[in-house]
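> have a look at this prediction, sequence included:
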Amino acid sequence: MEDRRWMYTGHRSKRDVSPEWIKNTNEFLEQAWGENAKGAARIFCPCSKCANRKRQTQDVMGEHLFLNGFTPNYTRWIHHGEGHRRREDVVRPRVEDCDAEAGVVDMLDDYHEAHVAEELVEEEPEGSAKAFYDMFASAQKPLHGHTKVSQLDAIGRVMALKSRYSLSRDTFDGIVTVIGSLLPEGHILPKSMYESQKLLRALKMPYDKIHACSNGCVLFRKEYAEEKYCPKCKSSRFLEVDSGDGNKRQLDIPVTILRHLPAIPRIQRLYMTEESAKQMTWHKKGK
């Protein structure tokens, strides 16, 4: 892909714009309003204020770009004619000093691809997909006014530390409290593990909890759904404690839980990104 650093180096402010920036921006507008627009009166505006979330007319878009400059990191014009490309052309964004365990870079890229697909067809997404998009949109906000690090990226980095060093919930809460006290006023870093998990909830995939025999004989479902002991080995379905009279009583806590991962939600998630959707349809459309 061509070098597009001019988008940012050539526009430091509306009073400091280079001739190269003006020339290339005019060419961008011609391309964006060519075949890509398909006669539309408004298309997504890539200025830093609209950030490809609002549609504008061609004249307004030109004014916005001159006043506000391009939205950060928009070097591949996915909303303006470059929405489709070969797999070998994919360049995932890199977050400086980001721990790979956080997985945030891949999640952000997946969100952008899914969001592009949604906007190109202009259809209301399915409920779980909409929740996924909304969560990422809110998490894309900068942590504070003097950084490009997003709220989601910040959470991901601290979560990676928690996972790597097996930190407790209290330790996690203490870390984000200290970090928060060092950030500028008005920052949006979550204050606790609870707030972080609430933000990330839409990322989680559903699963079914099924009680199982501790020896692996049966699952307590269907014809065994009401059984309290395994019909084969007679082991208890629930934890047992001494009742005080020499007998044992069952608690409501199952001894063994099997977590079943339904296939359909995972297949749906695969179709939410452009690249994985292409792989999923390769058997029909691939060569």
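Great, that's in hand.
> can you report phi and psi for Y74?
phi -100, psi 60 (degrees, to the nearest 10).
> and what of P254?
Dihedral angles (degrees, to the nearest 10) for P254: phi -70, psi 150.
> neighbours of the closest residue to it other than its chain neighbours, just the number please.
Nearest residue to P254, sequence neighbours excluded (C-beta to C-beta, 6 or more residues apart in numbering): H211, at 4.4 Å. No exception for glycine: its C-beta is placed from N, CA and C like everyone else's. If you count neighbours by other C-beta atoms under 10 Å, H211 ends up with 19.
> could you do E223 as well?
9.
> so it: helix, strand or coil?
Counting by DSSP: H, G, I helix; E, B strand; the rest coil, the backbone at E223 sits in helix.
> from A212, how far off is it?
Separation of E223 from A212 (C-beta to C-beta, to the nearest Å): 15 Å.
> mind listing the strands for the stretch 151-287 of the chain?
Taking DSSP state E, counting those that start in this stretch to define them, one finds strands in the stretch 151-287 of the chain at 208-212, 238-242, 248-254, 256-260.
> mind checking which of those is nearest R164?
R164 sits nearest to strand 256-260 of all the strands of the stretch 151-287 of the chain, at 23.5 Å, using C-beta to C-beta.
> partner strands of that closest one and their direction?
Neighbouring strands of strand 256-260 in its sheet, by DSSP bridges, are strand 208-212 (antiparallel).
> in the partner strand, which residues are buried?
For strand 208-212, burial by neighbour count (16 or more other C-beta atoms under 10 Å) applies to H211, A212.
> one more: stretch 255-264?
V255, L258.
> same thing with stretch 8-16?
Y8, G10, H11.
> filter these down to the ones in strands?
Members of those lying in strands (criterion: DSSP state E): H11.
> so for the residue nearest to I155 when sequence neighbours are not counted, what's the pLDDT?
Nearest residue to I155, sequence neighbours excluded (C-beta to C-beta, 6+ apart): S196, at 5.0 Å. Per-residue confidence at S196 stands at 85 (pLDDT).
> check contacts around S196.
I155, V158, M159, F172, V176, P190 (C-beta atoms under 8 Å, 6 or more residues apart in numbering).
> ok, so of those residues, who is nearest D3?
Closest to D3, out of all of those and judged by C-beta to C-beta, is I155, at 32.5 Å.
> isn't that closest one right up against L200?
Yes. Counting by C-beta atoms under 8 Å, I155 touches L200, with 6.8 Å between them.
> between the two, which is the more surrounded one?
Neighbours per residue, other C-beta under 10 Å: of I155 and L200, the larger number sits with I155, 22 against 17.
> what's the pLDDT at the more buried one?
Each residue has a pLDDT score; the one for I155 is 85.
> report the separation between the nearest residue to A154 once chain neighbours are set aside and F44.
Excluding the flanking residues, the one nearest A154 by C-beta to C-beta, 6+ apart is L143, at 5.1 Å. Remark: distance between L143 and F44 (C-beta to C-beta) = 25 Å.
> again with G81
According to C-beta to C-beta, G81 stands 11 Å off from F44.
> settle it for me: which of the two has more neighbours?
Relative neighbour count places F44 above the other of G81 and F44, with 19 against 15, counting by other C-beta under 10 Å.
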